[in-house]
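Engineer: Dropping a prediction and its sequence here:
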Amino acid sequence: MRETLGGDPPGLLARLRAGDPRAFEELVIGYQHRVFGVALRMLGNRAEAEEIAQEVFLRAHRAVADFRGEARLGTWLYGIASRLCLNRLGSPDRRMARGDALLADVTATTPDAAAELERAELDAALRTAIAELPEERRLVLVLRDVEGLSYEQIAEALAVDPGTVRSRLHRARMQLKEKLERFS
Amino acid sequence: MTCNETRDLFSPLADDALTPVERAALDAHLAGCAECRRELARFERTVKMVRALDPSHAPAGFVDRVLAAAQPAPWPRRVARRLARPWPGLPLGAAALFVVGGLAAFLFRGSVEQQRAARYESSPPAQQYQVPPSAPAETPSREKAAASDTAGPPKAERAEPTPAAPAPANEPASARAAAPAADAARSTPPAREPAPAAPAARELSARPAESERQESGVDARDRRVDAPASTAKRAESQVEARTQGEAKAPASSQRASDKVEPLAKLRRNAVTAPSAPGAATSSRANALAAAAAEPPDVNAQLRAPDAKTAERSLVALAANVGGRQTGRRVDAGRVIVQFSVPQDGYAEFVRRAAALGALSIERQTTDRPVLTVTVSVTVGG
């Protein structure tokens, strides 16, 4: 899990609103991995994830003047990324390259070959199980357990109440537990 | 507290989000229920595994690509791009009226009576369908223009919610439901617009046009999946292509009319006929066709002992370098596969593709962030 989403650097929002290109660069550098991570876990395809992540920043760039600053910039970006991913997943002409990147990230560093194989197998099973979750549950799970957002931040990003976040997260985790039962 | 009620608290327990009362009730139940204790252990193991997943990292060069895409284009290009778009601000009703009007004009001009009237005004009927041998070369290209227009404009913009509010104003599900509808609304006017080719010309080249329509439909669909953001440069070049297409259109019509006098007369009649408003879309149809016919950035040929294996390897290879397959067609026994490959993975793609067989690159432009690569696979040692 990533470190908790912190506050915005002081003055960054004001500089973004003023059209400071350096501020935009700081924003992209600061959030690129988080935004890309959500897109990749949701879409399962690196090229598509990069495309969506780019679009997130471009939309933020265009709309930052209207951003009132009630939420953190990070939460706002997560919100844009979440909606773009859900839209993409719902688009009829999306050609899903399911699984290519889900398995591509498997890293094996254990020196013991048997343990390495077992770990890789478990890792692959976990990624597959996550990819098979219903989209909205998967999104909440990724935002909470991979990206480290709080219930309130997720609720803010997705424009739902924290109770919905809590129940979606619970269902997602229970579903994962069932799918990974044979590894327990 | 029942077992089910207890298990509902596992998730907030993992997040330290239980109230003291909930926590006390949970502990009391767990103390007396071994099954729930085992279940909790499994649940916590699962959460731990998910949290142990390595965070993903954006690919190298991502920041530069975003910054480049965010650069404002020079104003003439912005204006041209704006004009080339299918008027997103056009109200739905007006768009529908436009489609119906265009369709009515198309049907009217395509009717037998109208064709007959056109014949009477032009050269004698005996010459109507005598097309010089050189004419068909020009006619299919006009039909292709109409065909690619039918395929619709590239999806440069999706109808996704704008991020104007600090937090999303809409529930994602509702936004998703709105997206396809709005997409359809935007793409409808140009997509249904009939190209104002002369009826006689249409009759003469109807069959070849059908097969070309299918092909250009595939191409157009493939282009539509391109990223709106990551291919900003491509969007600009499409605008240029459209502009060039519009510039070239009158010249090519002129050549056609030089060669095919009866057809030329019919076309002139069509332009001056009452239904001529439909003809105003001619240059637009040609422009879109020019955009759809834009050549790929890289054109390559691969001769491999087994075409199927080579094709499969290419698809896997594209995915490995961060790209993906965007199209496939078979042309004269050759399998032509199209890919979208990020610029930074292109060199690796070529290097590894060359290991699959004899690779020859016929055309190469690699100055775009995402390249369209077309590989024609043939069987051979």
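Structural biologist: Yep, it's here. Please read these numbers as outputs of a predicted model, since none were measured by experiment.
Engineer: Can I take it that residue B:326 is in a helix?
Structural biologist: No - read with DSSP: H, G, I helix; E, B strand; the rest coil, residue B:326 is strand and lies in no helix.
Engineer: hang on, it packs against residue B:372?
Structural biologist: Yes - under the criterion of Cβ atoms under 8 Å, residue B:326 lies in contact with residue B:372, with a separation of 7.5 Å. In this view, the C-beta of every residue, glycine as well, is placed from N, C-alpha and C.
Engineer: In stretch B:59-75, which residues are buried?
Structural biologist: B:59, B:62, B:65-67, B:69-70 (16 or more other Cβ atoms under 10 Å in any protein chain shown).
Engineer: ok, so of those residues, who is nearest residue B:378?
Structural biologist: For the buried residues of stretch B:59-75, the residue nearest residue B:378 by Cβ to Cβ is residue B:59; the value is 32.2 Å.
Engineer: Next up, the contacts around the closest one.
Structural biologist: A:36, A:46, A:50, B:322, B:342, B:344 (Cβ atoms under 8 Å, 6 or more residues apart in numbering or on different chains).
Engineer: Residue B:296 and residue B:374 touch, don't they?
Structural biologist: Yes - under the contact definition of Cβ under 8 Å, residue B:296 touches residue B:374, with a separation of 4.2 Å.
Engineer: list residues touching both of the two?
Structural biologist: Where contact means Cβ under 8 Å, 6+ apart, the residues bridging residue B:296 and residue B:374 through contact with each are residue B:338.
Engineer: returning to that earlier point: tell me the two of the contacts of residue B:59 that are most distant?
Structural biologist: Across these, the longest distance by Cβ to Cβ is 14.5 Å; it joins A:36 and B:344.
Engineer: Now residue B:302: phi and psi?
Structural biologist: The phi and psi values for residue B:302, taken as degrees, to the nearest 10, are phi -130, psi 120.
Engineer: Could you double-check that it sits in contact with residue B:317?
Structural biologist: No - contact criterion Cβ under 8 Å: residue B:302 and residue B:317 do not qualify, at 11.0 Å.
Engineer: if we can go back for a sec, just put the contacts of residue B:59 in TSV and tack on neighbour count.
Structural biologist: Below are the contacts of residue B:59 laid out as TSV (neighbours: other Cβ atoms under 10 Å in any protein chain shown):
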residue	neighbour count
A:36	24
A:46	27
A:50	28
B:322	25
B:342	26
B:344	16
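Engineer: who does residue B:358 bridge with?
Structural biologist: Using DSSP bridges, the beta-bridge partners of residue B:358 come out as residue B:303.
Engineer: any idea how far it is from residue B:330?
Structural biologist: Note on residue B:358: its distance to residue B:330, by Cβ to Cβ, to the nearest Å, is 20 Å.
Engineer: Same check on residue A:65?
Structural biologist: To residue B:330, residue A:65 is 50 Å away according to Cβ to Cβ.
Engineer: Could you list the buried residues of the strand or helix carrying residue B:50?
Structural biologist: Residue B:50 belongs to helix B:34-51 when assigned by DSSP states H and E. Along helix B:34-51, the positions that meet the burial threshold by neighbour count (16+ other Cβ under 10 Å) are B:36, B:39-40, B:43, B:46-47, B:49-50.
Engineer: for stretch A:9-24, same thing?
Structural biologist: Buried residues in stretch A:9-24, counting neighbours by 16+ other Cβ under 10 Å, are found at A:12-13, A:15-16, A:23-24.
Engineer: Output the contacts of residue B:59 in a markdown table; the columns should cover pLDDT, distance to residue B:367 and secondary structure.
Structural biologist: Formatted as a markdown table, the entries for the contacts of residue B:59 read as follows, by pLDDT from 0 to 100; distance: Cβ to Cβ, whole Å; DSSP: H, G, I helix; E, B strand; the rest coil:
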| residue | pLDDT | distance to residue B:367 | secondary structure |
| --- | --- | --- | --- |
| A:36 | 96 | 24 | helix |
| A:46 | 92 | 22 | helix |
| A:50 | 95 | 18 | helix |
| B:322 | 86 | 18 | coil |
| B:342 | 86 | 13 | strand |
| B:344 | 83 | 13 | helix |
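Engineer: Can you check the pLDDT for the residue nearest the centre of chain A?
Structural biologist: Central residue check for chain A by Cα atoms, centre = their mean: the C-alpha nearest the mean position is that of residue A:38, 1.8 Å away. pLDDT recorded at residue A:38 is 94.
Engineer: State the distance from it to residue A:119.
Structural biologist: 24 Å.
Engineer: just curious, which of the buried residues of stretch A:9-24 is nearest to chain B?
Structural biologist: Comparing the buried residues of stretch A:9-24 against chain B with Cβ to the nearest Cβ places residue A:24 closest, at 6.5 Å.
Engineer: could you check whether the helix or strand containing the closest one is close to chain B?
Structural biologist: Assignment of secondary structure by DSSP H and E places residue A:24 within helix A:21-43. Yes - residues of helix A:21-43 contacting chain B under Cβ under 8 Å from any Cβ of the partner chain: A:21, A:24-25, A:28-29, A:32-33, A:35-37, A:40-41.
Engineer: What parts of the stretch 1-150 of chain B come near chain A?
Structural biologist: Applying Cβ under 8 Å from any Cβ, one finds that the stretch 1-150 of chain B approaches chain A through B:7-8, B:10-12, B:14-15, B:17, B:42-43, B:45-47, B:49-59, B:62-63, B:65-67, B:69-70.
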